[in-house]
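In: starting from these lines, generate the structure:
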Amino acid sequence: MKILFIAHRVPYPPNKGDKIRSYNELVDLARGHEVTLITFWERLEDLEHRQVLEDLCRGGVHLSPRPRARALLRTLKALLTGRSLSLGYFESPELAANVQRELTQGGYDFVVVFSSQMAQYVLELPVAVPRLMDFVDLDSQKWALYARKGPLHMRPLHALEATRLRRFEAEVARRFEHVSVISSAEAEDVRRLLGRQEVLVVPSGVDLDYFAPAPEPDESSEPTLVFTGVMSYFANVDAVQFFAQEVHPELRRRVPGLRFVIAGADPSPAVRRLERIPGVVVTGTVADMRPFLHQAVVAVAPLRIARGLQNKILEALACGRPVVAHPEALKGIEAVPGQHLLHATTAQQFIDTLSALIDDPQQRQQLGAAGRAFVEEHYRWDRCLEPFERLFREPAAAASTATGEVS
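Out: Coordinates of the predicted model:
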C-alpha cells in the first residue's frame, strides 16, 4: 500500500511524546508499505535527521520550513478572522502545495494525518482516498483545561481557542473515514464532544529494550527522586513547582540528603529558580534519560494538569522504577494504583506516600517488578499498533468506515 503521512513536526529524534508516537507509527508503516512523509522543520537540527527519515520513507520526505515569526503572524491573522489559532500557526502555502502535488500525482492508497492542525491540508481532496486522523488526544480539551487552570491573563484566549479548535475537530471527525486516539478516555471525549462514535483506540507504547531495568542505586548514595519531561511545557512546570515548593522541603526533612532531580530540555526561568531550594537539581537538556531514571529510587509524576498518556510514566515503569503519580497523570494509562504504581493528590499525601516508600526497599522492588511486567504486557509497541496493522492490512477495510473501538 502507498501511504502519505502528514505530521506537524519532524518525528525524529523520538525524544518527546508526540515525536515518540509519530516516529513509531512511521517505523511500523514502513515495514510493509511505501510511505511518503510531509512535515515541517523548525530548527536547523531537524534537517540533520533527514537521512534517517529517508531511509524509512521509501516514497520520499518533504520538509517545509516554519519560521516562528511568520507562524506568529498567521496566528494573529487567525485570531482576527475567527479561525483557530492553532490552524493559523501551522498554515503553510508551501506545505499545502506539497500535499496537493503528491495526492494529484502520487497514486496514494491512504492518507494518515498526525495531529489535528494538519487536517486542514486534506479536508478537501483532489482525489478519492481514505484518510485516518490520529488525534492522539483532543487539543481543544487541552486548551479548555488551560482556560480553567492556566495563567489568569491567558485564560480568555485559551477558552476562545478551545471553542474554535473544537469546531474544526468536529468537522474533521465527521468527514474523515477513520479516527484514532491514544486512550479509551480520549475516545469517550471524541464521542461526547465531536459526535463521532466509531473510534480506534491506539495507545502509545514504550521501547522495552531501550528502557530496560537496572539495579537500584547503592544504599550509600543520596536517595534521589526524578521527574522527566520538556521543562518549558506549562503542565510540567506546574508539576515541578508544586512538588519542589510544597512536597520536597518536608520530605527532605524526613529523608536527610534527599535530592529531587528535574531532568529535561528547555527549563523555563521559573524551573531554573527552583534550584535555590536545597536538594533540587535542574539538569537542562540531557542526551539520555535512562541514567537519571536508573539513579532514582522513585520516579514522580505530580501532574495536576494532564492530557493523553504520559510517556514519562511508561518509561519509568519500563526501567523498573516505582512511580508515584497524581491521578490526573494516570487517566490515559490502565495501571492499577497499589498494584503497578502509587498515586497521591495533595502535598501531604505525596509526602506520606514517598517517605514510606523510600523507607521500604522491599515495596520498591515489588512495585518496580510489577510495573515492568505491566508495560511488557500492555504497552509493547507491536501490541499497541495492532489496530493500525489491521486497518492497513486489508484494502477493503481501508476503504470503509471503521467499525468500532479497538483497544
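
In: now stretch 19-37: how far from the chain's centre is it?
Out: Centroid separation for stretch 19-37 versus its chain: 16 Å, with Cα atoms, centre = their mean, to the nearest Å.

In: likewise stretch 189-197?
Out: Per Cα atoms, centre = their mean, the centroid offset for stretch 189-197 relative to its chain is 21 Å.

In: buried set for that stretch?
Out: Buried residues in stretch 189-197, counted by 16 or more other Cβ atoms under 10 Å: D189, V190, L193, L194, R196. Just so you know, the C-beta spots here come from the backbone N, C-alpha and C atoms, and that holds for glycine as well.

In: again, but for stretch 289-303
Out: So for stretch 289-303, counting by 16+ other Cβ under 10 Å, buried means 289, 292-303.

In: next, the buried residues of the one helix or strand V172 maps to.
Out: Assigned by DSSP states H and E, V172 belongs to helix 155-175. Using 16+ other Cβ under 10 Å as the test for burial, helix 155-175 gives 158-162, 164-166, 168-170, 172-173.

In: mind listing the strands the longest strand along the chain pairs with, and their directions?
Out: Longest strand in the chain by number of residues, with DSSP state E as the criterion: strand 34-41. According to DSSP bridges, strand 34-41 has the following sheet partners: strand 2-7 (parallel), strand 60-65 (parallel).

In: with distance to V282 added, can I get these in a markdown table?
Out: Shown next, in a markdown table, are the strands paired with strand 34-41 (distance: least, Cβ to Cβ, whole Å):
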| stretch | distance to V282 |
| --- | --- |
| strand 2-7 | 30 |
| strand 60-65 | 31 |
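
In: what's the most buried one of those?
Out: With neighbours taken as mean count of other Cβ atoms under 10 Å, the strands paired with strand 34-41 reach their highest mean count in strand 2-7, at a mean of 23.

In: centre of the chain to it, how far?
Out: 20 Å.

In: pLDDT of that strand, averaged?
Out: Mean pLDDT, strand 2-7: 97.

In: quick one: residues in contact with the helix or strand that that strand is followed by.
Out: As assigned by DSSP H and E, the chain's next helix or strand after strand 2-7 is helix 17-32. Counting contacts by Cβ atoms under 8 Å, 6 or more residues apart in numbering, the residues outside helix 17-32 that touch it are 1, 3, 5, 7-14, 35, 37, 53, 56-58, 112, 114-115, 134, 136, 182, 204-205, 308, 310-311, 381-382, 385, 388-389, 392.

In: show me which of those residues are buried.
Out: Listed as buried from those are 3, 5, 7-12, 14, 35, 37, 53, 56-57, 112, 114-115, 134, 136, 182, 204-205, 308, 310-311, 381, 385, 388, 392; burial here means 16+ other Cβ under 10 Å.

In: what's the burial count for the closest residue to E376 other than its chain neighbours?
Out: Using Cβ to Cβ, 6 or more residues apart in numbering and skipping residues adjacent in sequence, the residue nearest E376 is L208, 6.1 Å away. L208: 17 surrounding residues under other Cβ atoms under 10 Å.

In: ok so, going back, tilt between the longest strand of the chain and helix 17-32?
Out: With axes from the mean of the first three to the mean of the last three Cα atoms, to 10 degrees as the basis, strand 34-41 and helix 17-32 are set at 160 degrees to each other.
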